[in-house]
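[1] Give me a 3D structure for the following:
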Amino acid sequence: MSAANNNITMKTLEELRKLDLQKLVDESNFIKKDLFKIEFEVKNGQSKGNHEIKQHRRQVAKIETVITEKTASLSK
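    Model prediction:
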């Protein structure tokens, strides 16, 4: 399986803020799993998708930011 064949769409912060908390957690977990696969493939020379690692890390950071925002607003 090549890292270039994944079907993850990178969402903007506005799109992420529209999702509920559970969907954000699910999305984060899915991207983290895919990130692990990509890192493994790149390290083993099976893929040259180095740029995807950075994209996935940024997407996870965006999602985690929105999760933090939502949990902070719920605790108020």
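[2] Show me where this protein has its helices.
    In the chain, the helices defined using DSSP state H lie at 13-18, 21-43, 50-75.
[3] Would you mind listing where the chain has pLDDT under the threshold?
    Low-confidence segments of the chain, defined by pLDDT under 70: 1-7.
[4] returning to that earlier point: can you put the helices of the chain in CSV and add mean neighbour count?
    C-beta coordinates here come from the backbone N, C-alpha and C atoms, glycine included. Shown next, in CSV, are the helices of the chain (neighbours: other CB atoms under 10 Å):
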stretch, mean neighbour count
helix 13-18, 13
helix 21-43, 15
helix 50-75, 14
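[5] With adjacent residues omitted, what lies nearest to residue 65?
    Distance criterion CB to CB, 6 or more residues apart in numbering; nearest residue to residue 65, sequence neighbours excluded, is residue 13 at 7.7 Å.
[6] right, and that neighbour touches residue 69 too?
    No. The criterion here is CB atoms under 8 Å, and residue 13 misses it with residue 69 at 9.6 Å.
[7] tell me, what's touching those two both at once?
    Between them, residue 13 and residue 69 share no contacting residue under CB atoms under 8 Å, 6 or more residues apart in numbering.
[8] Tell me which residues touch the nearest residue to residue 50 once chain neighbours are set aside, please.
    Using CB to CB, 6+ apart and skipping residues adjacent in sequence, the residue nearest residue 50 is residue 42, 5.8 Å away. Shown in contact with residue 42 (CB under 8 Å, 6+ apart): 3, 48, 49, 50, 53.
[9] Reformat the residues you listed as TSV; add distance to residue 17.
    As requested, the contacts of residue 42 are exported to TSV (distance: CB to CB, whole Å):
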residue	distance to residue 17
3	28
48	33
49	28
50	29
53	25
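[10] Quick check: the farthest pair among those residues?
    The widest separation within these, taken as CB to CB, falls between 48 and 53 and amounts to 11.2 Å.
[11] if we can go back for a sec, residue contacts, the residue nearest to residue 65?
    Contact analysis of residue 13 by CB under 8 Å, 6+ apart lists 62, 65, 66.
[12] do you know how far the last one is from residue 75?
    Spelled out, that is residue 66. Remark: distance between residue 66 and residue 75 (CB to CB, to the nearest Å) = 15 Å.
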